[in-house]
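> coordinates for the following, if possible.
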Amino acid sequence: MTTGAEAATLQAHLETMLGPDAAFREGQREAIEAVIEDGQRALVVQRTGWGKSLVYWIATRVRRDRGHGPTLIISPLLSLMRNQIAMAGRLGLHAATINSGNTAEWDDVEAGLAANAIDVLLISPERLGNAAFANRILPAIEGSIGLFVVDEAHCISDWGHDFRPDYRRIGRILRGLSPSIPVLATTATANDRVVADVAEQLGEGVRIVRGPLARASLRLGTVRLGDQAERLAWLAKYLPNLPGSGIVYCLTVADTQRVATWLRSRGIDARAYNAALSTEEREPLEDALIAGEMKALVATVALGMGFDKPDLGWVVHYQRPGSPIAYYQQVGRAGRAVESAWGILLAGREDDRIAEYFIGTAFPPTVNMEGILETLEAAGRPMSVVALQSAVNLPKGRIEQALKLLEIDGAVAKDGGRFLRTNEPWSQDEERIERVIATRRAELAEMQAYVDHDGCFMEFLARALDDPAAEPCGKCANDLGRPMSRDVDRALVDDAIEFLRRDLRTIAPRRQWVADAVPGLKGRIDPPNELGMALCVYGDAGWGRDVQRGREVDGRFDRELVIGAAKAIRDRWHPTPWPDWVTAVPSTRRAGLVEECARSLARELGIRFVDCIRRPVDGQPQEAMLNSVRQLANAHQSLALAASVDIPSGAVLLVDDLVDSGWTLTVAGWLLREGGSGPVHPFALAASSGRE
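Numbering: from 1, shown residues only. Take a look at the predicted model:
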């Protein structure tokens, strides 16, 4: 319990941050008091927008005024803490970050820490795995930390909806901290399982400050629609009527781009935001949304934890998230400082497929992990990721994920950019993984039930997060007896289908051979293919289903699809220089499938077809090759130019039915240039949905 003077100090700090007459929300003062004394440990579980960052800023100010060292904050999304850091500045706190984007500033930050001139150091959990930070900076500050903060602490737990392997390193730091250093963990997205798991890792005597999760301002509703065309039409019809600015959440990077482009075509100011953008590209978008300078930011979960726009008027999900925890965290961006805000979930045809993909790739299978360990052990020397790709038929991302987990477990050590097997025994905890995956499938089933729930949506979410105060909110669509409208204009749907049919996908040319994949091929690809185009995404609304039906059912592509492809090439792509001739990459699945399509396409374009590419050996299907090293090697082995055909010297349209990694088109294009052709324009009927 604080004294009267201490209470007055806390109130003064609050007013410095938020203005005169500001009042603590229920639980905030209690949370601050829980960590301002030596040796205290607390877990704060409060709804989004409650003000968890305020707790650690004020606690830091108090601790610093008492002469303690700087606060170390581990947060998963440093780029979205800019506004919080600015708020900390009102308390006179000097905050600094160490991240991969500011290596030039590391020496200055180290000097500031050594001089006790930095009050708060913010790092991402991945920084704990960086050798320079772990070996040089962390040991230098561990003894002087005044407060240790873990933001979004549900990530510590395997049960957490956004589990990040590097959070497991935090447990080791906690065990090594002096018992006198207070520890604060914060999250808004934790059910009973996660709370218990995190509290156990924080150590004995953890004080849990937990409040109700319901958001009184949110009006929730769901809309079950069919394909992407219907959802695009719904957005175009209803977004203009939603209050103020908001966020449209998508599950894939490609969908953020597609939805934003569609909305702009309908006169709605919308912009795409995703992890593919640099920090320099993201920050102006965040600022524009905060300032209300756009109607919608169409984002992946890259815009999530840490983003704060108190007057955000709505959040619409273009696709269904995989769990109630994830949905609650994202929809909670809306309505923090307004009386009423909308949270609307659209459910579509591909939602389950995407969710199953994320569940299936959450943990590398034991056989994959053991294969990597056996390869490293047999090599007896450090191996690069490229070398491992050649030896192990796994995607590069899966290999990197496995190496990170094995490194955290001590079974693998990192030597620069290479990895070697240690003497540490290793085994996978299969029971734990099965338990986590089963839980995630149960959470997916909860979200499927949420879409068709006929009761209060807020109560549903609160119960899913084990909120003991869960009760009907009285404001959601079902409470009011006014379900969200599923009506969309047929004309709008038709326009959306046409938009999707016009939405060509770029095929970026590969410019570098993968080292050691094929003897004699290394360095730059000179010249590379031109920028290519795919007509659609495989299986998607628009042309995607026509391509899928042609490959998997009919065994041929219908004339309407070929006419559509010719029109797209002629009217929207405009490859330059215009191709003099057309050729095809032979299909490994159905003889003549692509060649027949390319011949028809050549006739529609009024240019000649030359059948000049062969498959001299029965290689493995390219889709069975799971990384660039194997994809390049397989394509190089299985493609060749026909010896009896003269290669025309003009620009060529190189046609394939499906593009995924792009290595087949790259090798085919290189062969054509080696044979004397002009510029190569790759064209695919569809891009694999895996590229999304």
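
> which parts of the stretch 551-692 of the chain are strands?
Along the stretch 551-692 of the chain, the stretches classed as strands by DSSP state E, counting those that start in this stretch are 581-584, 608-609, 613-614, 640-641, 652-659, 680-687.

> just checking: what are the partner strands of the fourth one?
With DSSP bridges as the test, strand 640-641 is paired with strand 613-614 (antiparallel).

> ok now the top helix by length along the chain, how far from the chain's centre?
As assigned by DSSP state H, the longest helix anywhere in the chain is helix 430-451. Averaging C-alpha positions (C-alpha atoms, centre = their mean, to the nearest Å) puts helix 430-451 19 Å from its chain's average.

> tell me what that helix is packed against?
When contacts are defined as 3 or more C-beta pairs under 8 Å, 6 or more residues apart in numbering; DSSP states H and E, helix 430-451 packs onto strand 218-224, helix 324-331, strand 341-347, helix 351-360, helix 457-464. Bear in mind the C-beta positions are built from the backbone N, C-alpha and C, glycine included.

> what residues does the third one touch?
Strand 341-347 is touched from outside by 217-225, 231, 234-235, 242-243, 246, 312-320, 327, 331, 334-335, 450-451, 484, with contacts defined as C-beta atoms under 8 Å, 6 or more residues apart in numbering.

> and if you look at the second one?
The set of residues that contact helix 324-331 without belonging to it, under C-beta under 8 Å, 6+ apart, is 48, 154, 161-162, 188-191, 194, 213, 218, 220, 247, 249, 301, 304-305, 315, 317, 320-321, 343, 345, 443, 446-447, 450, 460-461, 464-465.

> of the helices and strands packed on helix 430-451, which is nearest residue 498?
Of all these, strand 341-347 sits nearest to residue 498, with 20.4 Å by C-beta to C-beta.

> ok, now which ones touch residue 245?
289, 292, 294, 295, 296, 297, 309, 312, 313.

> can you tell me how far it sits from residue 285?
Distance of residue 245 to residue 285, computed by C-beta to C-beta, to the nearest Å: 12 Å.

> please enumerate the strands of the stretch 351-500 of the chain.
412-415, 418-421.

> show me what the first one pairs with in its sheet, parallel or antiparallel.
Right, strand 412-415. Take DSSP bridges as the rule and strand 412-415 pairs in its sheet with strand 418-421 (antiparallel).

> output the strand it pairs with as PDB, nothing but the C-alphas.
Extracted in PDB, the C-alpha atoms of strand 418-421 (Å, rounded to 0.1, in the frame of the first residue of the first chain):
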ATOM      1  CA  ARG A 418      26.600 -21.000 -40.400                       C
ATOM      2  CA  PHE A 419      25.300 -23.700 -38.100                       C
ATOM      3  CA  LEU A 420      26.900 -26.700 -36.400                       C
ATOM      4  CA  ARG A 421      25.700 -29.600 -34.300                       C
END
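
> tell me the domain ranges of the chain?
If you go by automatic domain parsing, the domain ranges for the chain are 4-210, 218-351+437-489, 359-429, 504-691.

> if we can go back for a sec, from the contacts of helix 324-331, list just the buried residues.
Neighbour counting by 16 or more other C-beta atoms under 10 Å classes 48, 154, 161-162, 188-191, 194, 213, 218, 220, 247, 249, 301, 304-305, 315, 317, 320-321, 343, 345, 443, 446-447, 450, 460-461, 464-465 among the contacts of helix 324-331 as buried.

> show me what contacts residue 378?
Going by C-beta under 8 Å, 6+ apart, the list of residues near residue 378 is empty.

> ok, it to residue 392 distance?
Residue 378 is 11 Å from residue 392, by C-beta to C-beta.

> what do you get for residue 32?
According to C-beta to C-beta, residue 32 and residue 392 sit 50 Å apart.

> and the two? Which one has more around it.
residue 32 (27 against 21; other C-beta atoms under 10 Å).

> quickly find the element holding that one.
Under the criterion of DSSP states H and E, residue 32 resides in helix 28-35.

> by contact count, what packs against the following helix or strand past that helix?
Tracing the chain past helix 28-35, the next element assigned as helix or strand by DSSP H and E is strand 41-45. When contacts are defined as 3+ C-beta pairs under 8 Å, 6+ apart, strand 41-45 packs onto helix 28-35, strand 183-187, helix 192-202, strand 207-210.

> and the first one, which residues are buried?
Along helix 28-35, these residues count as buried under the neighbour rule (16+ other C-beta under 10 Å): 28, 29, 31, 32, 33, 34, 35.

> please name whichever of the helices and strands packed on helix 430-451 is nearest to residue 532.
Among these, helix 351-360 sits nearest to residue 532 (C-beta to C-beta), with 25.1 Å.

> thinking again about what came up before, any chance of the helices and strands packed on strand 41-45 in TSV, plus mean pLDDT and distance to residue 360?
Formatted as TSV, these follow (pLDDT from 0 to 100; distance: least, C-beta to C-beta, whole Å):
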stretch	mean pLDDT	distance to residue 360
helix 28-35	94	38
strand 183-187	92	26
helix 192-202	86	22
strand 207-210	92	33
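
> right, so of these, which gets closest to residue 277?
Across the helices and strands packed on strand 41-45, the minimum distance to residue 277, taken as C-beta to C-beta, is reached by strand 183-187, at 26.0 Å.

> restrict that closest one to CA atoms and write it as CSV.
Backbone C-alpha positions of strand 183-187 (Å, rounded to 0.1, in the frame of the first residue of the first chain) are rendered in CSV as follows:
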residue,chain,number,x,y,z
VAL,A,183,9.4,-7.9,-13.2
LEU,A,184,6.2,-6.8,-15.0
ALA,A,185,4.5,-8.8,-17.7
THR,A,186,1.5,-7.4,-19.6
THR,A,187,-1.0,-8.7,-22.1
